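Q: Fold the following and give me the result.
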Amino acid sequence: MNKTAILLTTFALTLLMVSCLPADQAPGIGPDLSTNLLVDTGLTYGEMLAGESSTFTLRWTASDDAEWYDVRISPHPINDSNWDTALRIDSVPAGDSTDMLVYVEVQPEVFENTCISCGLCVDACPQDAMSLVDGKAVIDLDNCTACGECVRVCPVNAITDSRYGESYYFAIRAMGSGNTQSQIVSASGRYRLRYMNIESWCGDCAYECFILLDSCGPGCPVDAIWYTPDWSTPGVDSGMVHIDYDLCIDCGQCFIQCHEYGLWSIMKEVVAE
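A: This is a model prediction of the structure:
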């Protein structure tokens, strides 16, 4: 077969391959993504009450021909050039709905191959949720509050930087057949999770704050919680818990003790930065 015949045969095979693809679908070209990624602020999602979960609520309009969506976060703004370096936090099936709503949970994970068994994360964890198993760091998800102290002290970045209290940018990409991806990345502004006190629910638990009582637990490990008793400062500020956000490490101990012994006034919220 001469060179001209080979070229004609190759061209014919290419036309045949393209003709077998769905309409408006070409090799390597993913779904069209033309939507704004929205992140809800205020109290987080809760099965019983708002403010219970450690989740971000993301919303966007579904893309035609998308089979699933790649959801990523980063401490830095996300675009096409740095997409691959952003942390994948979720993969969401496209589904049948036009309006996509996803709850994204922030939770550190350990890269076993990177962990050097130093144990610094075990010592730093305020919830005793870290341990070394067979020489590798392991997170007890039942006790972990995603405070990020393990991330902070790890000397080799063996724990993913997905934690409570950190400010994150979010972005999504529509994924199509054969893992083709949308050319456009839909990105959000910067948001973070934090603990807050619902003042209308808070006040004078037996004239003391159960978060600060040694008999109810270890209390705040960094003294970021303070309490105004009503007998000393009457007025709108009386009997209230206050959080010093400059000191707070988002360990969640106030949330745990308030929900165990108090009036459930400590809740979780998303704030825009």
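Q: For this protein, give me the ranges with low pLDDT.
A: Filtered on pLDDT under 70, the chain yields the residue ranges 1-28, 204, 206-207, 230-238.
Q: That one: strands as residue ranges?
A: Here the chain has its strands, by DSSP state E, at 38-39, 42-43, 55-61, 68-74, 87-93, 99-105, 130-133, 136-139, 168-175, 186-197, 225-228, 240-243, 266-272.
Q: what inclination does the last one have with respect to strand 55-61?
A: In this structure, strand 266-272 runs at an angle of 40 degrees to strand 55-61, with axes from the mean of the first three to the mean of the last three Cα atoms, to 10 degrees as the basis.
Q: what's strand 266-272 packed up against?
A: Helices and strands in packing contact with strand 266-272 are listed as strand 42-43, strand 186-197, helix 253-261; criterion 3 or more Cβ pairs under 8 Å, 6 or more residues apart in numbering; DSSP states H and E. For glycine as for every other residue, the C-beta is placed from the backbone atoms N, C-alpha and C.
Q: Thr145 versus the spatially most central residue of the chain, what's the distance?
A: The residue at the geometric middle of the chain, judged as the C-alpha nearest the mean C-alpha position with Cα atoms, centre = their mean, is Val106 (3.0 Å). Relative to Thr145, Val106 is positioned 10 Å away (Cβ to Cβ, to the nearest Å).
Q: Find residues that contact each of the two.
A: By Cβ atoms under 8 Å, 6 or more residues apart in numbering, Val106 and Thr145 have these common neighbours: Ser54, Tyr164.
Q: which residues of the stretch 1-150 of the chain fall in helices?
A: 3-19, 120-124, 149-153 (DSSP state H, counting those that start in this stretch).
Q: For burial, what's the neighbour tally of Ile172?
A: As a burial measure, the neighbour count of Ile172 was computed by other Cβ atoms under 10 Å and equals 27.
Q: Show me what it bridges to in the sheet.
A: Beta-bridge partners of Ile172, counted by DSSP bridges, are Val71, Ser186.
Q: Quick one: residues contacting it.
A: For Ile172, the residues meeting the contact criterion (Cβ under 8 Å, 6+ apart) are Leu33, Leu37, Leu58, Trp60, Tyr69, Asp70, Val71, Arg72, Val185, Ser186.
Q: wait, which of those is closest to Asp90?
A: Comparing the contacts of Ile172 against Asp90 with Cβ to Cβ places Val71 closest, at 4.1 Å.
Q: Look up the closest residue to Asp70, ignoring the ones flanking it.
A: Closest residue to Asp70 apart from its sequence neighbours, by Cβ to Cβ, 6 or more residues apart in numbering: Arg173 at 4.6 Å.
Q: To clarify, my last question referred to Gly203.
A: Excluding its sequence neighbours, the residue lying closest to Gly203 (Cβ to Cβ, 6+ apart) is Gly239, at 3.7 Å.
Q: For burial, what's the neighbour tally of the one you found?
A: Residue neighbour count, defined by other Cβ under 10 Å, stands at 19 for Gly239.
Q: Likewise for Glu112?
A: A count of nearby residues for Glu112, using other Cβ under 10 Å, gives 13.
Q: can you tell me how far the closest residue in space to it that isn't next to it in sequence sits from Pro155?
A: Counting by Cβ to Cβ, 6+ apart, Glu112 lies nearest to Lys136, which is 5.0 Å off, once chain neighbours are set aside. If you measure Lys136 against Pro155 using Cβ to Cβ, the figure is 15 Å.
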